[in-house]
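[1] just to be clear, the model below is a prediction. Sequence and coordinates:
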Amino acid sequence: MGQSTDGQISYGVYFEEGFEFPWSEDKYEGDIDDWWRDVNGYKPPFEPFTEEGHWAEGFSTKDPRMKEYHGHRMSWDEDNPIPVELVNACSCDYPEWIVSIPGTVTRCNRGYPTQLEPENGEFDVSKEDIENLMAFFEKYGIECPSKPAWYLSSYLG
């Protein structure tokens, strides 16, 4: 008997393990959210952390200002959504990414099958969505190894 994994399907571009995205830089540690905020000029209302990631003087986990800090960031994220969704097509230790069009990603956890309904247009992708995905790659200098496609993949978390 083999190892069970989670299933997922998405429309996007597959990148093999080790691909260097702009958010792969040490500065972002692979966090596309931090990268997206940075390249779009997000500024928090105050900075509770040092450049090393430690608490700045006068801040702590229980500081009531942290609610404002996180709320401000969440509000900005809602107003400025990342135009792609990352799908890990392998595992935590050996990620292989599919950079997908948001709204095309369907996941199911092992032991919980998900019914797909292609006859209801579930797998329709607009020309505009594809153009937006390709424009994202071009704007941020991401060289695509292939054209976008539907991918059925597994994830071992």
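    Everything's here; your move. Numbers count the residues shown, from 1 in each chain.
[2] quick one: the helices in this structure, in order.
    32-39, 65-79, 127-139 (DSSP state H).
[3] go through the ones you listed and pick out the most buried.
    helix 32-39 (a mean of 16; mean count of other Cβ atoms under 10 Å). The way it works is simple: take the backbone N, C-alpha and C, and place the C-beta from them, glycine included.
[4] what is the neighbour count of the nearest residue to residue 157 once chain neighbours are set aside?
    Distances taken as Cβ to Cβ, 6 or more residues apart in numbering put residue 92 closest to residue 157, at 6.1 Å, once the chain neighbours are dropped. Counted by other Cβ atoms under 10 Å, the residues lying close to residue 92 total 9.
[5] hang on, residue 92 packs against residue 30?
    No. Look at residue 92 against residue 30 with Cβ atoms under 8 Å: they stay out of range, at 11.2 Å.
[6] break this structure into its domains for me.
    The record's domain parsing of the chain by automatic domain parsing lists 6-30+82-155, 43-79.
[7] the top strand by length along the chain pairs with which strands, parallel or anti?
    Across the chain, the longest stretch assigned as strand under DSSP state E is strand 6-15. Strand pairing for strand 6-15, using DSSP bridges, gives strand 97-100 (antiparallel), strand 106-108 (antiparallel), strand 149-155 (antiparallel).
[8] just say which of the domains of the chain is most tucked in.
    The most buried one of these (mean count of other Cβ under 10 Å) is domain 6-30+82-155, showing a mean of 15.
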